[in-house]
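> here are the coordinates; sequence isn't available:
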């Protein structure tokens with residue numbers, strides 16, 4: 001597909017950005033946000049690009065398709081993709097891999113792995129799902145997947161039909177009848193890979209056991225499967241990495257570590273999945289842009305001694321989620337890469353392409369599927385966000401602060417809270433099956449581990465603090481069933497009451513016989529910032545500031561009850577500190593996603609939503625996917641300070657490029673974006 005930017009579209013983009021950043025302003029006055037960036041050598045820390053280690057991608061049979069391979073190759077070039085993870089390595093549409101008991105056919109595995117190795121991609125190999133012969137059932141389907149032109153076959157025809165089918169492609173989500181047979185399959189697969197690609201190559205891969213406990217409940221069934229898998233991997237070679245439990249919603253990560261230790265089972269990393277639409281994050285007016293981040297950080301902190309792989313995340317789950325295809329994905333990506341990437345070894349966005357068939361192969365160009373690129377190769381805003389991070393993200397992160405608009409004070413000030421006179425002997429009011437989110441007094445590393453809710457209540461009563469802002473007013477305690485937060489006690493301020501979610505693994509409470517009044521609703525922390533440079537010498541020529549304004553997915557939705565308003569614009573003032581003699585150019589380049597640019601879905605709707613766009617329509621969509629390119633001016637209050645102001649609308653993302661000069665001649669505009 002032709003990826004040249006078209007002159008007319010570029011000139012239009014330049015005009016939009018130069019004429020007024022954030023042109024999609026609402027009727028409300030823009031609220032001020034103050035950002036500081038310390039670009040001096042003192043404020044810099046190494047910045048690992050862990051989000052590039054992997055992207056997700058459907059199931060194994062798709063990897064045989066030419067369009068999938070073409071999109072992967074583009075992702076390597078545009079996004080810096082280093083690895084890929086997909087389901088169904090052992091599905092019967094893969095050969096089958098087990099055509100009869102004890103016989104293995106790796107022909108299609110070889111086809112995919114040969115291609116990955118040829119372009120330098122390192123797989124995170126998900127060991128799934130169960131071959132029909134091992135599950136003791138019969139499987140009917142096509143080699144190469146449902147869309148293949150191959151004839152229908154039946155595997156293990158004398159057995160009853162497989163019942164535990166996974167999605168459209170009918171992977172078998174069931175444990176083996178004999179775990180020794182599963183061990184033998186995994187061991188043979190590893191031995192074959194080592195022989196074909198060398199031990200040195202396979203040691204750069206990782207092996208993850210199963211996906212989200214499908215058909216393998218934790219711990220009884222899953223740990224048997226993991227035990228056989230891990231020892232098979234290590235039998236092939238002790239230095240090859242294996243891990244799990246690849247759970248949904250951050251579940252059971254601490255329990256997995258405990259189980260492995262108790263059973264003396266090797267593991268090299270802990271993996272799990274999370275989406276901001278998971279039930280642990282609220283919706284509607286209680287939606288919290290920091291919920292996803294805080295959940296992942298708490299999970300990561302609970303297994304802080306071990307490598308941590310977030311092997312699935314996205315702006316939302318599942319098929320049909322509207323923000324998959326819209327500019328909203330871009331600020332989400334900027335936010336999470338900035339907030340999470342340095343706390344883990346792998347972030348694997350699900351998925352890099354809409355060549356995907358969990359619900360059947362897509363029958364139209366934009367269908368709110370997970371991918372960063374449409375089925376016909378049109379980059380979505382998510383693709384462009386990762387492309388900007390790849391092409392502009394430096395190797396060091398600059399220290400930043402951000403001051404968001406705040407809620408108004410409660411009537412009567414602190415006295416209205418009515419907790420100042422509470423005594424440690426008072427009984428805490430209990431709120432069962434509830435997690436108070438936000439408002440934590442202590443950092444993650446200092447959260448308490450206590451035996452029960454009563455102990456957490458007592459800890460809150462006794463934490464009087466040194467000021468009203470540090471006194472404990474509320475608390476939440478996670479039961480042993482809460483996975484990431486087992487036995488953890490979170491001491492909180494009153495602001496937590498505005499973020500209560502139903503969770504039967506938590507008990508919460510407040511100081512005193514009656515709950516304090518909640519604070520009035522106010523603006524949420526919608527703006528995120530990430531700043532990077534190359535090297536450690538305060539190189540202003542490489543300074544990039546990534547700004548995101550991720551909005552409530554229910555904002556403006558006619559189905560939201562009560563209604564969720566669209567957020568007011570934000571006027572974001574970025575103040576950069578740099579070292580004497582390193583003053584940047586006064587012209588600061590801008591890269592923009594959203595707010596009228598880089599929105600191919602809107603262009604597709606405008607042309608009538610063609611299911612299979614013509615070549616000329618695809619050219620138009622490609623042009624509509626281009627990142628907006630423009631510039632603004634910095635002021636210099638001192639010889640070591642620069643100030644830039646950008647007005648942002650909801651669901652937009654910007655990069656401030658401090659060394660960029662924008663040329664109006666489209667022929668001079670090339671990568672980097």
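Sure, I can see it. Here the structure is a predicted model, which means the values were calculated and not measured.
> any idea where the strands of the stretch 151-300 of the chain begin and end?
Under the criterion DSSP state E, counting those that start in this stretch, the stretch 151-300 of the chain contains strands at 152-155, 165-166, 171-172, 206-209, 241-247, 269-273.
> any idea which of those strands scores lowest on pLDDT?
Per-stretch mean pLDDT for the strands of the stretch 151-300 of the chain is lowest at strand 165-166 (a mean of 74).
> coming back round to it: now tabulate the strands of the stretch 151-300 of the chain in CSV and tack on mean neighbour count and distance to residue 367.
(Glycine included, C-beta is placed from N, CA and C.) What follows is the strands of the stretch 151-300 of the chain, written out as CSV (neighbours: other Cβ atoms under 10 Å; distance: least, Cβ to Cβ, whole Å):
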stretch, mean neighbour count, distance to residue 367
strand 152-155, 15, 26
strand 165-166, 19, 20
strand 171-172, 28, 21
strand 206-209, 26, 28
strand 241-247, 27, 26
strand 269-273, 26, 22
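> closest to residue 257 out of these?
Of all the strands of the stretch 151-300 of the chain, strand 269-273 sits nearest to residue 257, with 6.3 Å by Cβ to Cβ.
> The strands of the stretch 151-300 of the chain: which one's closest to residue 90?
Per Cβ to Cβ, nearest to residue 90 of the strands of the stretch 151-300 of the chain: strand 171-172, 8.7 Å.
> Quick check: which ranges of the stretch 351-500 of the chain have low pLDDT?
406-427, 444-445, 468-469, 495-500 (pLDDT under 70).
> Show me what whichever helix in the chain runs longest is packed up against.
In the chain, ranked by residue count with DSSP state H as the criterion, the top helix is helix 179-197. On a contact count with 3 or more Cβ pairs under 8 Å, 6 or more residues apart in numbering; DSSP states H and E, helix 179-197 meets helix 107-118, helix 132-135, helix 199-202, helix 222-236.
> quick one: the helices in the stretch 551-673 of the chain?
600-606, 615-624 (DSSP state H, counting those that start in this stretch).
> any idea how far the longest one is from the chain center?
Looking back up the chat, that one is helix 615-624. Helix 615-624 sits 28 Å away from the centroid of its parent chain (Cα atoms, centre = their mean, to the nearest Å).
> Between the helices of the stretch 551-673 of the chain, which one is closest to residue 71.
helix 615-624 (14.0 Å).
> so what's residue 80 up against?
If a contact means Cβ atoms under 8 Å, 6 or more residues apart in numbering, then residue 80 has 49, 52, 386, 390 as its contacts.
> Of all pairs in those residues, which one spans the longest distance?
Checking those with Cβ to Cβ, the most distant pair is 49 and 386, at 10.5 Å.
> For these two, indicate the residue with more neighbours.
Per other Cβ atoms under 10 Å, whichever of residue 49 and residue 386 has more neighbours is residue 386, with 28 against 17.
> Does the more buried one lie in a helix or a strand, and which?
helix 381-392 (DSSP states H and E).
> packing partners for that helix?
helix 66-79, helix 329-340, strand 544-549, strand 587-593, strand 652-657.
> before we move on, the earlier item: who wins for proximity to residue 156 among the helices and strands packed on helix 179-197?
helix 132-135 (4.4 Å).
> Give me the contact list for the closest one.
Contacts for helix 132-135 (Cβ under 8 Å, 6+ apart): 92, 96, 98, 100-101, 138-139, 155-156, 159, 162, 164, 172, 174-178, 181-182, 185.
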